[in-house]
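S.K.: I'd like to go over a predicted model; first the sequence, then the structure.
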2 protein chains.
Amino acid sequence: MHSEVVASRSADQRDSSRESRNGGSPQLDAVSLAIIQQLQEDGRRPYAAIGKAVGLSEAAVRQRVQKLLDQGVMQIVAVTDPLTVGFRRQAMVGINVEGDVESIADALTDMSEVEYVVMTAGSFDILAEIVCEDDDHLLGVINKRIRALPGVRSTESFVYLKLKKQTYMWGTR
Amino acid sequence: MHSEVVASRSADQRDSSRESRNGGSPQLDAVSLAIIQQLQEDGRRPYAAIGKAVGLSEAAVRQRVQKLLDQGVMQIVAVTDPLTVGFRRQAMVGINVEGDVESIADALTDMSEVEYVVMTAGSFDILAEIVCEDDDHLLGVINKRIRALPGVRSTESFVYLKLKKQTYMWGTR
DNA sequence: ACCACTTCTGCGAAATCCGCACGCTCGGGA
DNA sequence: TCCCGAGCGTGCGGATTTCGCAGAAGTGGT
């Protein structure tokens, strides 16, 4: 069967793999990156097909995928446009904080209506995306919950009118 | 010919089924919603398990999932924190436009570095998320490509420092 | 009533998933 | 140096899942 590739692979690849040492997380080698790439095209692609594409056995792919999931490096999920699924109001909220930014970010993370939280440089300290069912719900979250957090100095809201693009294809280019 | 006699419309049932009439898109019934919910928890969950959870046969679930994918209502993909996958600079860019907002949004959509585009109400007309490999790349995209678009009046950038939350669990609450 | 269309079901065959035992390489410690 | 454990990949059955298809059931239009 697949003969040559297997034999000499082990050594050289792991060196070239850790080229990109990113800041903190469990560094990924080139093979794991290729696996993720496959699963970004189709999250249900069979392990055997992925293995053929990246030059690994089915079982090896399965183990690596499982580890990536366990480590939280990636997740395999269905994504939708919330507007088509009954959530009719969304907004991005820019937040300015006095004091510890991270603790505010953590508080936002705990809210179920908040689906995206990122700390930023610029005229906002935090950007948070809110997904709600209607206007009342949205208003309540922003005014009663977010503005009520101690340390939140000010907020500015951007209500979504139309989602134009939503991709998950990093590395595919 | 067209007798619009509403004759025997045994009818209020269909109203209850489409409980959440959203604006335009192919309206989903409660069962499809439940299926999506299952796949938001685990994009690889077997069809039989989903069927058991939503009260449908394995084949029926499979057909509905296929249709949802074909219609573009959802996609099943691996999602990651780009920072752990080698894209070291991300930013949200707020854009103000003069003239046709939608054509600018379309132009942004065509850029591979732009992974999220939404038209908003508020002090920005458009929010776009940019994913780049390094500072030079990011700078180039913002200054050379986005600001160069005819109709873009001004931009403001928010460089990502730390991604705190990224969920795909709408409806799971 | 009849037809066209859609959706669900059941079922067998093929493909996939999963657990497990084994082999290999690389380091550390006596 | 030798030995041992950790980490990773491979191959192989058996259980499970996926896939395609034909038939049944419900709906709407003519």
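M.R.: Arrived safely, thanks for sending.
S.K.: what's the single longest strand in chain A?
M.R.: With secondary structure taken from DSSP state E, chain A has its longest strand at strand A:152-166.
S.K.: A:A30: neighbour count?
M.R.: Burial of A:A30, expressed as a neighbour count using other C-beta atoms under 10 Å in any protein chain shown, amounts to 15. Bear in mind the C-beta positions are built from the backbone N, C-alpha and C, glycine included.
S.K.: which residues in chain A form helices?
M.R.: Counting by DSSP state H, chain A has helices at residues A:4-17, A:30-41, A:47-54, A:58-71, A:101-109, A:135-140.
S.K.: who does the residue nearest to the spatial centre of chain A bridge with?
M.R.: Compute the mean C-alpha point of chain A, and by C-alpha atoms, centre = their mean the closest residue is A:M74, 7.2 Å away. With DSSP bridges applied, the residues forming beta bridges to A:M74 are B:T80.
S.K.: could you identify which of the helices of chain A is most buried?
M.R.: Between these, helix A:30-41 has the highest mean count of neighbours, a mean of 20, where neighbours are mean count of other C-beta atoms under 10 Å in any protein chain shown.
S.K.: could you export it as CSV, keeping only the C-alpha atoms?
M.R.: Taking C-alpha atoms only, helix A:30-41 is exported to CSV below (Å, rounded to 0.1, in the frame of the first residue of the first chain):
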residue,chain,number,x,y,z
ALA,A,30,1.5,21.3,9.7
VAL,A,31,-0.4,18.1,9.7
SER,A,32,-2.9,19.2,12.3
LEU,A,33,-3.3,22.4,10.4
ALA,A,34,-4.1,20.5,7.3
ILE,A,35,-6.6,18.4,9.2
ILE,A,36,-8.3,21.5,10.4
GLN,A,37,-8.4,22.9,6.9
GLN,A,38,-10.2,19.8,5.7
LEU,A,39,-12.7,20.1,8.5
GLN,A,40,-13.3,23.7,7.7
GLU,A,41,-14.4,22.7,4.2
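S.K.: what packs against that helix?
M.R.: Packed against helix A:30-41, as judged by 3 or more C-beta pairs under 8 Å, 6 or more residues apart in numbering or on different chains; DSSP states H and E, are the following elements: helix A:4-17, helix A:47-54, helix A:58-71, strand A:74-80, strand B:74-80.
S.K.: who does the longest strand of chain A pair up with?
M.R.: Strand A:152-166 has these partner strands in its sheet, going by DSSP bridges: strand A:89-97 (antiparallel), strand B:114-121 (antiparallel).
S.K.: among the ones you listed, which comes closest to B:D136?
M.R.: The closest approach between B:D136 and any of these, judged by C-beta to C-beta, belongs to strand B:114-121 at 17.0 Å.
S.K.: show me the shaky parts of chain A.
M.R.: In the predicted model of chain A, residues A:1-27, A:169-173 satisfy pLDDT under 70.
S.K.: which among the strands paired with strand A:152-166 is found nearest to B:P82?
M.R.: strand B:114-121 (8.4 Å).
S.K.: buried ones in the closest one, by neighbour count?
M.R.: B:V114, B:E115, B:Y116, B:V117, B:V118, B:M119, B:T120 (16 or more other C-beta atoms under 10 Å in any protein chain shown).
S.K.: roughly how far is that strand from the heart of the chain?
M.R.: Going by C-alpha atoms, centre = their mean, to the nearest Å, the spacing between the C-alpha centre of strand B:114-121 and its chain's C-alpha centre is 10 Å.
S.K.: can you list contacts of it?
M.R.: Contacts of strand B:114-121 with the rest of the structure, by C-beta atoms under 8 Å, 6 or more residues apart in numbering or on different chains, involve A:91-92, A:158-170, B:101-102, B:105, B:108-109, B:125-131, B:141.
S.K.: domains of chain A?
M.R.: Using automatic domain parsing, the domains assigned to chain A come out as A:4-71, A:82-159.
S.K.: how long is the last one end to end?
M.R.: With C-alpha to C-alpha, to the nearest Å as the measure, the ends of domain A:82-159 fall 14 Å from one another.
S.K.: cool, stretch A:116-134 as well?
M.R.: End-to-end span of stretch A:116-134 (C-alpha to C-alpha): 18 Å.
S.K.: kindly report the same for stretch A:131-145.
M.R.: When the termini of stretch A:131-145 are compared using C-alpha to C-alpha, they are 14 Å apart.
S.K.: the residue nearest to the centre of chain A and B:D125: what is the separation?
M.R.: Remark: distance between A:M74 and B:D125 (C-beta to C-beta, to the nearest Å) = 33 Å.
S.K.: same thing with A:M92?
M.R.: Where B:D125 is concerned, A:M92 sits at a distance of 13 Å (C-beta to C-beta).
S.K.: what's the answer for A:I126, then?
M.R.: Distance from A:I126 to B:D125, counting by C-beta to C-beta: 22 Å.
S.K.: repeat for A:V114
M.R.: As defined by C-beta to C-beta, A:V114 lies at a distance of 24 Å from B:D125.
S.K.: verify the stated contact: A:V77 with B:V77.
M.R.: Yes. Counting by C-beta atoms under 8 Å, A:V77 sits close enough to B:V77 to count as a contact (7.4 Å).
S.K.: find residues that contact each of the two.
M.R.: With contacts defined as C-beta under 8 Å, 6+ apart, the residues adjacent to both A:V77 and B:V77 are A:G43, B:G43.
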